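J.: need the 3D shape of this:
(chains A and B)
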Amino acid sequence: MRLSRYFLPILRETPKEADIVSHRLMLRAGMMRQEAAGIYAFLPLGLRVLNKVCRIVREEQDRSGAIEMLMPTIQSADLWRESGRYDDYGKEMLRIKDRHERDMLYGPTNEEMITEIFRSYVRSYKDLPLNLYHIQWKFRDEVRPRFGLMRGREFLMKDAYSFDLDQAGAEHSYNKMFVAYLRTFARLGLKAIPMVAETGPIGGNLSHEFIILASTGESEVYCHRDYLDFAVPGDDVDFDNGPALQQIVSKWTSLYAATSEKHDATAFGALPQDKQVSARGIEVGHIFYFGTKYSAPMKAVVAGPDGAEHPVHMGSYGIGPSRLVAALIEAFHDDAGIKWPETVAPFKVALLNLKQGAADTDAACEKLYAALQARGIEVLYHDLDERPGSKFATADLIGVPWQILVGPKGLAAGQVELKRRSDGMREALSPDDAVVRLS
RNA sequence: CGGGGCAUAGCGCAGCCUGGUAGCGCAUCUGCUUUGGGAGCAGAGGGUCGCAGGUUCAAAUCCUGCUGCCCCGACCA
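T.: Sure, this is the predicted structure:
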């Protein structure tokens, strides 16, 4: 992409409403624009990152056996009256009336709808297990939206819903998501630690929040240091192998880890001093087993091997891709701007022509640009007539992992400079070598 | 929902106290010079001062009401 033909509204100064670093940098880097409190438009650069996050989420959901679909944002109130949540949900739910005065709502989540879909088609235990997910915008009318995308009212969510004949099957489904989440966050470059979460009326220990550690996190979290070095399951993990999955989950839940609400100071204090990690965290995922909470009242039942009808055991599993974009920035930034992990970076490399309009640098850049594109490398070519300092600042701000600096001095020696954004490493090499290095 | 604050050009701000032709920096546009860490000079364009009432000869400025947004708390993915 040539910057001269792109839409990248960089802000040189920080908008005053942005207080936390991810909000500030997203606005400055031209990734998004606030349209109302807690409601944002994704601009091209922001959308590229959001889509990359979604792609990884999707790939890992698919790998675990979950099946993608897409449910609407607007739902009928009748559905929610069936589960009893229409009255319970309170003012967080955005209620709407259509032209016929029918009660509608902008979905804050989809348990009711997916249960309705499930019950109208599935009759037999032989069709189980089933895990359906979608990635769709949600709306929760928070009293106080804040922190930019981190606590917006409208947000993108991947929500999966599992259906099993009994609790044992549901636990296997739960473990699949657990492992898929470990892999998802690892691929995003994040260290996410599963922490015991509130389970509500169901009880048990089948609810975990996945928390990443970031100094700007919203809540206080406590965990055993060894979690930071645990190996994440590889892409060869067999999701149908129940015992193997259970082993992984057991390992990842064996040590102390809790958010402040569930914190047990005594248990934490019993850990060796050097193993105690107390930090701030951001919740990026939440998985939940809730049994027959919706299937029973909504009559989502299947015939079991015994010939009798059983309400299905369900679980739901959420990841917030839009929040993840912000969380990634909280985790990866410095004073100059964002430092994207390669897997989610909007572009892999920024090509900076340090003397736009000069025959040699122009020619070298065009050649590099073509060579990078030919290899399928996502490149943003900064071809505007700006001074070098301004181009450096822009490239650092938007956080593209690599920069190729093409200037007259280096070019005279047949060299360009390759700079790594994450640690500032620089290396002088020939243009051809630079392309090879990035391939 | 309780407490605090803000609203003046695209962004950041001054002006308001003490009413009298709306300013500064950055950004934008034109020209020239410049080109390895947000360039210099010269010129130009851009604002019903959040909205609605009121006071006054005269309101960005004083008064009343409303709206929007931000921060702290309670709540939440």
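J.: what residues does the stretch 151-300 of chain A put near RNA strand B?
T.: A:151-153, A:155, A:157, A:209, A:218-219, A:283, A:286 (C-beta under 7 Å from any atom of the strand). C-betas here are computed from N, CA, C, even on glycine.
J.: change it to 10 Å
T.: With the criterion set to C-beta under 10 Å from any atom of the strand, the stretch 151-300 of chain A comes near RNA strand B through A:151-157, A:159, A:197-198, A:200, A:207, A:209-211, A:218-219, A:259-261, A:282-286, A:288.
J.: give me the low-pLDDT residue ranges for the stretch 301-439 of chain A?
T.: The model of the stretch 301-439 of chain A has no residue with pLDDT under 70.
J.: quick one: the strands in it, in order.
T.: Using DSSP state E, counting those that start in this stretch, the strands of the stretch 301-439 of chain A run over A:301-303, A:309-311, A:313-319, A:333-334, A:337-338, A:349-353, A:379-382, A:402-406, A:416-420, A:426-429.
J.: chain neighbours aside, what residue packs nearest to A:A29?
T.: Leaving aside its chain neighbours, A:A29 sits nearest to A:I398 (4.8 Å; criterion: C-beta to C-beta, 6 or more residues apart in numbering).
J.: next one: A:F118
T.: Leaving aside its sequence neighbours, A:F118 sits nearest to A:A300 (C-beta to C-beta, 6+ apart; 5.3 Å).
J.: would you map the strands across the stretch 1-150 of chain A?
T.: Secondary structure of the stretch 1-150 of chain A (DSSP E, counting those that start in this stretch): strands located at A:32-36, A:39-42, A:67-68, A:74-76, A:94-97, A:103-106, A:130-139.
J.: mind listing what's buried in the lengthiest strand in chain A?
T.: The single longest strand within chain A, with elements called by DSSP state E, is strand A:276-291. Of all the residues in strand A:276-291, those buried under the rule 16 or more other C-beta atoms under 10 Å are A:277, A:280-291.
J.: mind putting the residues you listed in a markdown table, distance to A:G234 and pLDDT included?
T.: A markdown table is the format used below for the buried residues of strand A:276-291 (distance: C-beta to C-beta, whole Å; pLDDT from 0 to 100):
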| residue | distance to A:G234 | pLDDT |
| --- | --- | --- |
| A:V277 | 25 | 91 |
| A:R280 | 30 | 87 |
| A:G281 | 25 | 90 |
| A:I282 | 26 | 92 |
| A:E283 | 25 | 92 |
| A:V284 | 21 | 94 |
| A:G285 | 20 | 94 |
| A:H286 | 24 | 93 |
| A:I287 | 20 | 94 |
| A:F288 | 26 | 92 |
| A:Y289 | 25 | 92 |
| A:F290 | 30 | 90 |
| A:G291 | 32 | 92 |
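J.: between the residues you listed, which is closest to A:D238?
T.: A:I287 (19.5 Å; C-beta to C-beta).
J.: buried residues of stretch A:163-170, list them for me.
T.: Of the residues in stretch A:163-170, A:163-165, A:167, A:169-170 count as buried by neighbour count, 16+ other C-beta under 10 Å.
J.: again, but for stretch A:383-399
T.: Neighbour-count burial for stretch A:383-399, counted by 16+ other C-beta under 10 Å, picks out A:383, A:386, A:391-399.
J.: just those: which are in helices?
T.: Applying DSSP state H to those, the entries found in helices are A:391-398.
J.: quick check, nearest of those to A:G318?
T.: Closest to A:G318, out of all of those and judged by C-beta to C-beta, is A:I398, at 28.6 Å.
J.: shaky segments in the stretch 51-200 of chain A?
T.: In the stretch 51-200 of chain A, residues with pLDDT under 70: A:199-200.
J.: what about A:L94, how many residues nearby?
T.: A:L94 has 16 neighbouring residues, counting by other C-beta atoms under 10 Å.
J.: and the buried residues of stretch A:383-399 as TSV, adding distance to RNA strand B?
T.: Below are the buried residues of stretch A:383-399 laid out as TSV (distance: C-beta to the nearest atom of the strand, whole Å):
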residue	distance to RNA strand B
A:D383	12
A:E386	7
A:K391	8
A:F392	3
A:A393	4
A:T394	5
A:A395	7
A:D396	4
A:L397	5
A:I398	10
A:G399	12
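J.: next, format those as JSON lines and append distance to A:G46.
T.: JSON lines is the format used below for the buried residues of stretch A:383-399 (distance: C-beta to C-beta, whole Å):
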{"residue": "A:D383", "distance to A:G46": "22"}
{"residue": "A:E386", "distance to A:G46": "22"}
{"residue": "A:K391", "distance to A:G46": "21"}
{"residue": "A:F392", "distance to A:G46": "22"}
{"residue": "A:A393", "distance to A:G46": "19"}
{"residue": "A:T394", "distance to A:G46": "16"}
{"residue": "A:A395", "distance to A:G46": "17"}
{"residue": "A:D396", "distance to A:G46": "17"}
{"residue": "A:L397", "distance to A:G46": "13"}
{"residue": "A:I398", "distance to A:G46": "10"}
{"residue": "A:G399", "distance to A:G46": "12"}
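J.: how much space between A:R225 and A:A258?
T.: To A:A258, A:R225 is 14 Å away according to C-beta to C-beta, to the nearest Å.
J.: neighbour-wise, which of the two wins?
T.: A:A258 (20 against 13).
J.: just the element for the more buried one, please.
T.: Assigned by DSSP states H and E, A:A258 belongs to strand A:257-259.
J.: now do that strand: which elements does it pack against?
T.: Judged by 3 or more C-beta pairs under 8 Å, 6 or more residues apart in numbering; DSSP states H and E, the packing partners of strand A:257-259 are strand A:192-196, strand A:207-213, strand A:219-224.
J.: any idea which helix or strand comes after the last one?
T.: This means strand A:219-224. With DSSP H and E, the next secondary element past strand A:219-224 is helix A:242-252.
J.: residue contacts, A:H310?
T.: Applying C-beta atoms under 8 Å, 6 or more residues apart in numbering, we find A:H310 in contact with A:125, A:165-166, A:301-304.
J.: which of these has the most neighbours?
T.: The residue in those with the most neighbours, by other C-beta under 10 Å, is A:V302 (23 neighbours).
J.: before I go, just wanted to say thanks for your time.
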